[in-house]
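Asks: Sequence first, then the predicted structure:
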Amino acid sequence: MEAIIEGATGAAVEDIQERLSSLGYAIEGAELDARSFGRSTATAVARFRLDHGLSLGEAVDAPTWSVLVDECYQLGDRTLYLRLPNFHGNDVRQLQERLNVLGFSCGPVDGIYGVHTEAAVKLFQESMGALADGMAFQDTFDAIERLRHVWAGKPADGPHPQGSMGFARAASVLESAGIAITADDPISRNVAGRIWNLAHATVDDCALELVDAPSGVRPETRVLIVLSTEPLPDNVASGVGNLALDDLDTLPLRLRTAIQSSGSAPRTVRIELPVGEGAFTTSDAQTFAVLLLDAICAAFDHLDL
């Protein structure tokens with residue numbers, strides 16, 4: 001493109017001024033009214049170029065215009081997905097920041113929709129029970145927006161581990177959270193039973209229930225956790241949040257996000273247990289039970305449903 005410089009007028013200048021103003025750069029009203037590239041517009045362009053690591057100057061050349069367009073995108077302005085060249089811009093950066101805070105790590109927040117961001121989107125979609133295709137469109141943006149109270153104002157350099165809890169906080173969760181747990185198969189039922197035993201050994205008045213099937217939950221149950229050793233089929237929306245027991249540092253936060261995103265009654269989350277090809281021992285079952293109970297207590301601590 002031909003550079004737009006001081007002295008220019010017209011629709012292109014008006015577009016530049018509107019974009020700069022939306023980003024907080026001051027431009028005099030007379031220049032805005034006249035759609036003229038005057039001194040204050042040139043100063044705003046120079047500051048924008050400096051702020052975004054561009055070469056010094058007051059003209060809007062092709063690199064400056066490209067960055068200016070990128071910076072004006074807001075999350076929800078366009079559908080985001082993995083492609084070449086990658087989508088890039090402020091909306092991608094906003095998506096990465098919010099997913100990182102919610103426990104679905106995109107890696108460094110760089111504003112580029114690459115493979116790590118796509119993987120994080122898929123995990124987030126799966127945690128909501130939605131079609132996990134890695135395409136971030138309005139349903140995905142709406143689900144993230146409903147969790148604004150979780151991510152707003154939080155640092156986004158993720159992941160954000162949540163460590164083990166103290167006895168008093170764990171006891172508070174187990175006495176009042178209204179959690180039921182069930183399982184799909186013999187191995188996961190073994191783990192579920194061990195979670196129940198550990199929970200009831202932790203506090204005398206434990207309210208965590210063990211049920212044979214989802215239909216067995218009581219009316220006052222607020223959250224149902226379903227354990228399974230079988231993965232969901234690829235790209236199939238289950239309507240139930242689905243998590244894998246893999247990244248233990250972020251598991252409590254991912255579990256919390258899935259619970260808050262659930263629209264079922266009771267809120268339902270499915271957790272896949274990685275049993276592998278070898279023999280599954282009682283030691284494995286006990287390890288999973290300890291890890292899961294700790295994650296459940298951390299996820300429910302001060303959780304407002």
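Replies: That came through, no problem.
Asks: Do you have the helices of the chain handy? List them.
Replies: Under the criterion DSSP state H, the chain carries helices at the ranges 11-22, 29-34, 39-51, 62-72, 90-101, 115-127, 138-146, 148-151, 167-176, 186-202, 251-261, 282-300.
Asks: For residue 228, find the nearest of those.
Replies: Closest to residue 228 of these is helix 186-202 (CB to CB; 5.4 Å). The way it works is simple: take the backbone N, C-alpha and C, and place the C-beta from them, glycine included.
Asks: how many neighbours does the closest residue to residue 298 other than its chain neighbours have?
Replies: In space, and not counting its chain neighbours, residue 298 is closest to residue 252: 3.7 Å by CB to CB, 6 or more residues apart in numbering. Residue 252 has 24 neighbouring residues, counting by other CB atoms under 10 Å.
Asks: Average pLDDT for stretch 277-285, rounded please.
Replies: Averaged across stretch 277-285, the pLDDT comes to 81.
Asks: what's it in contact with?
Replies: 187, 190-191, 194, 275 (CB atoms under 8 Å, 6 or more residues apart in numbering).
Asks: Next, the buried residues of that stretch.
Replies: Neighbour counts over stretch 277-285 (16 or more other CB atoms under 10 Å) mark 280, 284-285 as buried.
Asks: can you list these in a markdown table and add distance to residue 98?
Replies: Listed next are these as a markdown table, based on distance: CB to CB, whole Å:
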| residue | distance to residue 98 |
| --- | --- |
| 280 | 36 |
| 284 | 35 |
| 285 | 35 |
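Asks: and which of these is nearest residue 223?
Replies: For those, the nearest to residue 223 is residue 285 (22.2 Å; CB to CB).
Asks: any idea how far that closest one lies from residue 102?
Replies: Applying CB to CB, to the nearest Å, the value for residue 285 to residue 102 is 29 Å.
Asks: low-confidence ranges in the chain?
Replies: For the chain, applying pLDDT under 70 flags the ranges 155-170, 233-238, 305.
Asks: Run a quick neighbour tally on residue 58.
Replies: 18.
Asks: Leaving out chain neighbours, which residue sits closest to it?
Replies: Counting by CB to CB, 6+ apart, the residue nearest residue 58 is residue 42, at 4.0 Å.
Asks: likewise residue 135?
Replies: In space, residue 135 is closest to residue 81, 4.3 Å off (CB to CB, 6+ apart).
Asks: mind listing what that neighbour touches?
Replies: Applying CB under 8 Å, 6+ apart, the residues contacting residue 81 are 87, 113, 118, 134-136.
Asks: quick one: which two of those are the most distant?
Replies: 87 and 134, at 11.9 Å, using CB to CB across the contacts of residue 81.
Asks: sorry, back to before: would you mind giving the contacts of stretch 277-285 as CSV with neighbour count and distance to residue 174 added?
Replies: As requested, the contacts of stretch 277-285 are exported to CSV (neighbours: other CB atoms under 10 Å; distance: CB to CB, whole Å):
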residue, neighbour count, distance to residue 174
187, 18, 24
190, 20, 20
191, 26, 17
194, 19, 15
275, 18, 26
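Asks: Can I get the residues you listed in a markdown table including distance to residue 140?
Replies: Formatted as a markdown table, the contacts of stretch 277-285 follow (distance: CB to CB, whole Å):
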| residue | distance to residue 140 |
| --- | --- |
| 187 | 32 |
| 190 | 35 |
| 191 | 31 |
| 194 | 35 |
| 275 | 30 |
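Asks: Which members of these are the farthest-apart pair?
Replies: Across those (CB to CB), the longest gap, 14.5 Å, separates 194 and 275.
Asks: Am I right that residue 178 is in contact with residue 223?
Replies: Yes. Counting by CB atoms under 8 Å, residue 223 is a contact partner of residue 178 at 6.7 Å.
Asks: who touches both of these two?
Replies: By CB under 8 Å, 6+ apart, the residues touching both residue 178 and residue 223 are residue 266.
Asks: Compare these two and say which is more crowded by neighbours.
Replies: residue 223 (24 against 18).
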